[in-house]
Every structure is written in C-alpha cells, then in structure tokens.
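Chemist: predicted model follows, preceded by the sequence.
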Amino acid sequence: PPPLPPHMQPSAEEDWKRYYDSSGKAYYYHVHTKQTTWCKPTALVHPGEPPEEAWKEFRTAEGKAYYFNSITEATSWTLPSSLGQRQPIIPPPPMEGSALEAVDYATRKDRLSAFRELLDAHHISATTSWPDAINSISADPRFQALKSLGERRALFNEHIEKQRKKERENAIILRKKARDEFMQMLEECSHLTPNDTWSKAAKYFEGDPRRKAIASQSECEAMFEDFIVTLERQQQTRAKLRRKERMAAFHELLQETKSIGPQTQWRKVSTILDEDPRYQALDKMDRLIVFEDYIKELERTAEEMRLQEKEEKRRLDRKVKDEFKAILREWHEKGLLDYTTKWRDFAIVVGNDPTFVDIMKQGTAREMFDDFIQEIEIELKVQYRSIKQVMSNVGYTLQLGDDFTHFHAKVSAHLPALSKHTLRLAYDALYSKEEEAQKERDRRMEKLFDRLFAALKTIPHLTHESSYEELLPHLKSLPAFLAIESEEERRRIFDEHHQHLLRLHYEKVKATPTHTHTDVGSKRELEAPSSLDELEEKRARILKALEALPL
C-alpha cells in the first residue's frame, strides 16, 4: 500500500506550524522535515474538533500520486470518487515567524544563482518530478528568490537537464572503467592464445566481478575478439623483435670476422661460422639476408673511402694549383711575366721551385701557364682599350719615332692605376702596330707607283725632251696618276721616268757615229744634224743633263 502522508506520521505538536496562503487558506509546515501539507496534522487535532475532508492527495518520492483518508486512515493509488478533484499544489513553507519573510537580492543574476543553489542543496535528481521538487524545496527561503512560477519551472528543467547530462557522463565513465577492467582481466590471464574463442575462455573468468560488470554477452565477445587481435599483434611484434635481435647478433659476428671483405663469397663464410650460436640462431634465409646487407655495407665503406681519397687528392691538387697561380701572378706583378713570355723560358727559370715540381707531377703546368697567359692577354686588351680611349681624349697619336718616355708622359697621368710595365706593353704593341701600318702604307704606295710607271711607259709622245708641265693635261686623264694624291709624289715619279728616258737616250747617243751613214740593206736613213756644231752642242747638253742625274 502507499505510505502514510506526512501529516499522519508520528510527530510532536511543537514540530508543526500553521500558515495561510494569499487566499487565507491554512496549511501546515514541519520545521524538521521541511514538508508542507494542506491536511491538519494528527498531533494538532484536539478532541471535539470537527473533521476535515476525509480524502487528500499526496505524492511519493518518485512523484507518483496517492490518496489518504484521514478518518479511516486508508490509502489508495486511485482517485476516490468523493474527492471529486485533486487538491492544489501546496504553497511554499514560510520562514520562521507568522508570515513569509522575503530575502532581498541585488540583481537578477543573484536570484537565479540562489535558486540554482537551492536545487543543488536539496539534491534534486534527474528523476525528481516538479511536484515532488516543490514539496522538498518550498520551505527553503531561497525558493522565494523567484516570484514567477514559470521562472522556477524553467530553472528546474535546466537543472534536470544538467543532472541527466551528468548522469550520462557518469554512466560513460563507469562503462569505460568496466571495459578497462575487463580488458585488464583478459591481460592478466596467461592461458589465452590467439587461437582461443570467447566460449572457451569464459570459464577462466566465471567468478571474476570484472566479468559480471559487463552485462551484455555480445559486448564481452566483441571486447574479447579485440583483445585477441591485439594479442596476436603483440606476439608478432615480439617475434619480429627477437628475429631482429638475432640478426643483429649475427651481424656483429660478421664484423668480428676480419677475413670477410667486399669480395668474399657466402659459401666460404658459412663454413667458418657454422658452429657459432649466433649463426645457428637464424634460419638459412635470414643468414643470407644479413650477409648480403653486410657485404653492401663493406662496399659502401670502400666506396666512401675511395671518394674521400679522391676528394683529398683533389683538395691537394687544388692547393698546388692555387700556389702555382700565385707564383704566376707574382711574376706578372713584378713585370717578369707577360703575354710574350714563352713556356720554355719560364720553365727554365722556375724549374727548381717545389710548387713547380708538384704541379709538373700533375701534368697541368703547361695548361695553367697557357690559361694564365690568355688571361693576361684578355686583361691587357681591356687596359689597351682604356689607354686608346685616353689617347683619343687627349688628342695624342703615337708616331714612329716617339719613345716610351714621351708616351708615358702623355698617358700615365690619366691612368694612375696601371703599372709602368703594363704601359710599356701597351706602348710596344701600339708602336709595333704603327710600324706594321706604315709598312702596309708603303706597300700600297709602291703598288701605286708601279702602276703609274707602267702608265707613263704607254704614252707614245713622252720622250726625254718632254716636260712635266706640257704633259700634265694628259697625265690627269690617267687613273694611276689620280690614284696618287700627293702632287710631290706624282712629280717625283715623273722625274724618275724622265731620267730613265734620258739615260736610254744617252746610251743611244754614245753608240751613234758623228757622221751621216746609211745602213747596208736598210731603206731607213738616220736623220743627220744640219751641221757638226749643232750635233756637238746637242750632245754636250745631253751629257750635262745625264751627269746631273743620280746614277
């Protein structure tokens, strides 16, 4: 049957106090249990007092409604027909005194916080109903922090939701703890193997509370299968680790055997090491794998050593080359080495130098010398252009006959960074170039002179008696004559040709008799002078002209 309502439970008269709601209806408050009721408690009923309504509605702690008859003291889960309708919800209990005393809160936030603290203080759980909650908390002064029933109900619902969430989280934690303990139970069992099934292994855990904590049989099987998979992986991992350790031990054995080299064959090694426990701990395939890896290590080590030696030799060669370049540069700066220096002469001079001896062993000395000479030539060409630019700026042209002192005075002030040796090389190059240019000009003029000589020979009326002035109009029509721009050179060539004609004529006169004669068998007759005196006078004039010529 339902329990007795609060007002029928045994209590003293002084435990109950009477209060009135806003409509003036009386209700009763138990100062110790903090419960309120519309029914007059038994302890307050006096003899001869008229009875109240027989049936009253009450609720259990779980929130379920039941009904109590104050006369017969009977209880019922169903609503009696005489009750007609349910009693209203009991109002909140008052503070100490004849009326409820309100507590002043500074802000709404404080009122909300007070009501939440009220719910926590009375341990309102997720299963508590709203009416039961009111029965439990209405006597607390913090109940009056909120005046609106809607606000109280909203905070109550919020609190219930938080409690449910907390219970769910606690359930998850408890379930996880149970699963962890179940897995720990499986790990502690040394009888399990990867081939076991749950139906076979369950007998090991019949009395273990950690097994009973998991109610679902399917969950137990699933967790067991996960454990078996993990166990199998662990065993495989341990097997791989043991194999790795044995292979490492065999590798150490190979390292200890100094007779093994990059070219050693496996069949020879197997006969040497077959009695060693580290050899016997591995199967044939693993031994071969370790041996091949070790041989590759030896090959890599040998290759690394070869590369190191090669790099060391390259470094030393580079050092010798740098030192030899320093020697070449030093000699060049001192003016002892320039682009005109021959390799044979240089090798004789520096033949005893240790650096030269080392570079000769490398076989690159001649090549480096030629490269350095080429660099000097390139550098000199750049400096040469700078010198020519300065000569152009100052209006100076090197002439044949200008000595180096004159050249140095013209150029050095504008190029102070260039050494005297460099200027000397530039002077020699420029002077040599000017000499070649002069020779080329002379060759061209000789050709022009020869062409003019040949052209003069083709003029039929040019004789030893002809003059330059009388033939000048005709000479200007000759291309060879016009090709020579210098009038002085034209006149000189004409005079040389005229002297040639005079010599020919003189030789002819010397060979001719002074009297007139006629060749026998010839129809041609020489023209004789009109008198002997004219002949002698003409002959004397020719001789005088020939004597004046440089023969």
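Modeler: Structure received.
Chemist: I'd like to know which elements the longest helix along the chain is packed against.
Modeler: The helix that spans the most residues within the chain, counting by DSSP state H, is helix 284-333. The helices and strands touching helix 284-333, judged by 3 or more C-beta pairs under 8 Å, 6 or more residues apart in numbering; DSSP states H and E, are helix 217-256, helix 266-273, helix 354-362, helix 365-394. Just so you know, the C-beta spots here come from the backbone N, C-alpha and C atoms, and that holds for glycine as well.
Chemist: let's see that with 6 Å instead.
Modeler: Using 3 or more C-beta pairs under 6 Å, 6 or more residues apart in numbering; DSSP states H and E, the elements in contact with helix 284-333 are helix 217-256, helix 354-362.
Chemist: tabulate those helices (JSON lines), appending mean neighbour count.
Modeler: Below are the helices and strands packed on helix 284-333 laid out as JSON lines (neighbours: other C-beta atoms under 10 Å):
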{"stretch": "helix 217-256", "mean neighbour count": "14"}
{"stretch": "helix 354-362", "mean neighbour count": "16"}
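Chemist: confidence-wise, which of the ones you listed is weakest overall?
Modeler: With a mean of 82, helix 354-362 has the lowest mean pLDDT of the helices and strands packed on helix 284-333.
Chemist: output that helix as CSV, restricted to C-alpha atoms.
Modeler: The C-alpha atoms that make up helix 354-362 are tabulated as CSV, following Å, rounded to 0.1, in the frame of the first residue of the first chain:
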residue,chain,number,x,y,z
PRO,A,354,108.9,23.0,-55.1
THR,A,355,105.5,24.2,-56.2
PHE,A,356,106.5,24.0,-59.9
VAL,A,357,107.8,20.4,-59.3
ASP,A,358,104.5,19.4,-57.7
ILE,A,359,102.4,21.0,-60.5
MET,A,360,104.6,19.3,-63.1
LYS,A,361,103.7,15.9,-61.5
GLN,A,362,100.1,16.7,-62.0
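Chemist: next one: it to chain centre, how far?
Modeler: 43 Å (C-alpha atoms, centre = their mean, to the nearest Å).
Chemist: do stretch 275-286 as well
Modeler: In terms of C-alpha atoms, centre = their mean, the centre of stretch 275-286 is found 47 Å from the chain centre.
Chemist: same question for stretch 398-409.
Modeler: In this view, stretch 398-409 has its centroid 61 Å away from the chain centroid, taken as C-alpha atoms, centre = their mean.
Chemist: same check, this time on stretch 399-417
Modeler: Put simply, stretch 399-417 sits 57 Å off its chain's centre (C-alpha atoms, centre = their mean).
Chemist: repeat for stretch 117-134
Modeler: The answer for stretch 117-134 is 65 Å, by C-alpha atoms, centre = their mean.
Chemist: just stretch 164-176 next, same as before
Modeler: Put simply, stretch 164-176 sits 50 Å off its chain's centre (C-alpha atoms, centre = their mean).
Chemist: quick thing: my sequence starts at 704, can you match it?
Modeler: Will do, 704 is the new start, and the previous item becomes stretch 867-879.
Chemist: next one: the residue nearest to His1035 when sequence neighbours are not counted, what pLDDT does it get?
Modeler: Of all residues not flanking His1035 in the chain, Ile1079 sits nearest, at 6.4 Å (C-beta to C-beta, 6 or more residues apart in numbering). pLDDT for Ile1079: 79.
Chemist: and for the one 5 residues further on?
Modeler: For Lys1084, the model assigns a pLDDT of 82.
Chemist: just the one 3 residues further on next, same as before
Modeler: Model confidence at Tyr1087, given as pLDDT, is 80.
Chemist: and for the residue nearest to it when sequence neighbours are not counted, the neighbour number?
Modeler: Closest residue in space to Tyr1087, ignoring its immediate chain neighbours: Ala1129 at 5.5 Å, by C-beta to C-beta, 6+ apart. Residues lying near Ala1129 (other C-beta atoms under 10 Å) number 22.
Chemist: before we move on, the earlier item: just send the helices and strands packed on helix 987-1036 back as a markdown table, with distance to Leu815 too.
Modeler: A markdown table is the format used below for the helices and strands packed on helix 987-1036 (distance: least, C-beta to C-beta, whole Å):
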| stretch | distance to Leu815 |
| --- | --- |
| helix 920-959 | 42 |
| helix 1057-1065 | 95 |
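Chemist: residue ranges with poor pLDDT in this protein?
Modeler: Applying pLDDT under 70 to the chain flags residues 704-714, 723-729, 749-759, 761-767, 771-777, 784-806, 1216-1254.
Chemist: may I see the buried residues of the helix or strand harbouring Asn838?
Modeler: Per DSSP states H and E, Asn838 falls inside helix 833-840. By neighbour count on 16 or more other C-beta atoms under 10 Å, the buried set for helix 833-840 is 833, 835-840.
Chemist: now do stretch 850-867
Modeler: 855, 858-859, 862-863, 866.
Chemist: as CSV, could you dump the C-alpha coordinates of stretch 911-928?
Modeler: Provided in CSV are the C-alpha atoms of stretch 911-928 (Å, rounded to 0.1, in the frame of the first residue of the first chain):
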residue,chain,number,x,y,z
ASP,A,911,35.6,-12.5,-11.5
PRO,A,912,33.5,-9.4,-10.7
ARG,A,913,35.0,-7.6,-13.6
ARG,A,914,33.4,-10.2,-15.9
LYS,A,915,30.0,-9.6,-14.3
ALA,A,916,30.3,-5.8,-14.7
ILE,A,917,29.7,-6.3,-18.4
ALA,A,918,26.1,-7.4,-18.6
SER,A,919,26.0,-7.9,-22.4
GLN,A,920,27.3,-11.2,-23.7
SER,A,921,27.8,-9.8,-27.2
GLU,A,922,29.9,-6.9,-25.8
CYS,A,923,32.0,-9.4,-23.9
GLU,A,924,32.6,-11.4,-27.1
ALA,A,925,33.4,-8.2,-29.1
MET,A,926,35.9,-7.0,-26.5
PHE,A,927,37.5,-10.5,-26.3
GLU,A,928,37.9,-10.5,-30.1
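Chemist: show me the contact partners of it.
Modeler: Stretch 911-928 is contacted from outside by 881, 884-885, 888, 901, 908, using C-beta atoms under 6 Å, 6 or more residues apart in numbering.
Chemist: residue boundaries of the strands in this structure?
Modeler: Secondary structure of the chain (DSSP state E): strands at 719-723, 729-733, 739-740, 758-762, 768-772, 778-779.
Chemist: what strands line up against the first one, and which way round?
Modeler: Translated: strand 719-723. Strand pairing for strand 719-723, using DSSP bridges, gives strand 729-733 (antiparallel).
Chemist: next, count neighbours for Arg914.
Modeler: A count of neighbours around Arg914, defined by other C-beta under 10 Å, yields 16.
Chemist: for it, give its distance to Leu934.
Modeler: For Arg914, the distance to Leu934 equals 18 Å [C-beta to C-beta, to the nearest Å].
Chemist: cool, Ile1187 as well?
Modeler: Taking C-beta to C-beta, one finds Ile1187 at 118 Å from Leu934.
Chemist: still on that earlier bit, in helices, which of the buried residues of stretch 850-867 fall?
Modeler: Taking DSSP H as the definition of helices, these contribute 855, 858-859, 862-863, 866.
Chemist: check those and tell me the two furthest apart.
Modeler: The largest separation in these, counting by C-beta to C-beta, is between Arg855 and Gln866 at 16.2 Å.
Chemist: what's the end-to-end length of stretch 827-846?
Modeler: Stretch 827-846 has an end-to-end distance of 13 Å (C-alpha to C-alpha, to the nearest Å).
Chemist: tell me how far it lies from the chain's centre.
Modeler: On C-alpha atoms, centre = their mean, the centre of stretch 827-846 falls 68 Å from the chain's centre.
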